[in-house]
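Novice: Have a look at this prediction, sequence included:
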Amino acid sequence: MLGVVNLDKPVGPTSHDMVGLLRRLTGTRRIGHAGTLDPLASGVLPILVGAATRLSEELTGGRKRYDAVIRLGARSATDDAEGPLERIDAPLPSEETVAVALAAFVGTFEQRPPAFSARKQAGRTAHRAARGGEPLDLPARTVTVDALDLIGIETGEGRMDVRVDLRCGAGTYVRSIARDLGERLGCGGHLVALRRTEAAGLRVEDALTPARLEALAAAGRLADAFLSPGDLLPLPHVTLPPDDAWRFIHGSSVALPEPPAWERAAVFDGATLLGVGTVVAGALRPDKVLPSPAERVL
């Protein structure tokens, strides 16, 4: 099998639970996902089926978009609604102050990951170490936020819920933005709701729920949910003539008539995705090769 499923993950299950669902429905173990969503998050979770798992790096690294709700007035040990909360005795900001503070998070900057995350250090996982009372001192990493737009604000007793539309690069922790916004405003903050609306070129409006996938599988139409990974790869597309395509899929570099403007590309034979290649010494070297069309089930 070879394809990508645009799954609308509900709140509650883990991303690994959704991988298990597709393993059961497809009858294959070779299933992965492009970009983890926490159990409290919902929305677009690209599921990679069969040989499409070879393209996980390319499909995970693209731009993402989120609809998020940040609650001001308390901080959380996990930076979201799961952790123990600590109320902050400080006045809540005005809407104008919140808007100004949000604007400071647009751009490229160093971000400290949450203490409870899947990051690893010296073989230890951050969330396991934190639950054991020995949180890791995780280094900050560079992230990019393209836009952070204020959608609306709702206030309640001792709290302010700030809803935002966030567009960012891979590796950005929305929980960290919620935490850092609360610190910047002096009133504490944590994430209470998160829905991923875009990832890997997929939109939540087109995503399929687990129930819909179950229904398709019961009707023998699960293949209707499979999308071609070639349509989603955020790389230049290069088409090879038949002889060069044969060499490429058999592991040989292909000479290029002139130096290209790109270094890495998705390689096609007509409409068929062959894999991903990199330019080395003026030739296109195969990095990742997919099964031949005769071996595919879409």
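Specialist: In hand now; what should we look at? On a predicted model such as this, the values are computed, not experimentally measured, just so you know. Numbering: from 1, shown residues only.
Novice: Please identify the nearest residue in space to the residue nearest the centre of the chain, excluding sequence neighbours.
Specialist: Centroid check for the chain by CA atoms, centre = their mean gives Gly35 as the closest residue, at 3.2 Å. Sequence neighbours aside, Thr60 is the residue nearest to Gly35 in space, at 5.1 Å (criterion: CB to CB, 6 or more residues apart in numbering). Quick note: C-beta positions are derived from backbone N, CA and C, even for glycine.
Novice: which residues touch that neighbour?
Specialist: 34-35, 170, 200 (CB atoms under 8 Å, 6 or more residues apart in numbering).
Novice: ditto for Arg65
Specialist: 165-168, 196-199.
Novice: Pull out the buried residues from those residues.
Specialist: The neighbour-count test (16 or more other CB atoms under 10 Å) marks 166-168, 196-199 as buried among those.
Novice: Now render those residues as TSV, adding secondary structure, pLDDT and distance to Gly27.
Specialist: Formatted as TSV, the buried ones among the contacts of Arg65 follow (DSSP: H, G, I helix; E, B strand; the rest coil; pLDDT from 0 to 100; distance: CB to CB, whole Å):
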residue	secondary structure	pLDDT	distance to Gly27
Leu166	strand	98	37
Arg167	strand	98	37
Cys168	strand	97	36
Arg196	strand	98	27
Thr197	strand	98	31
Glu198	strand	97	30
Ala199	strand	96	26
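Novice: from those residues, which single one is nearest Asp243?
Specialist: The nearest member of these to Asp243, counting by CB to CB, is Ala199 at 36.8 Å.
Novice: need the helices for the stretch 151-298 of the chain, in chain order.
Specialist: Secondary structure of the stretch 151-298 of the chain (DSSP state H, counting those that start in this stretch): helices at 174-185, 210-218, 242-249.
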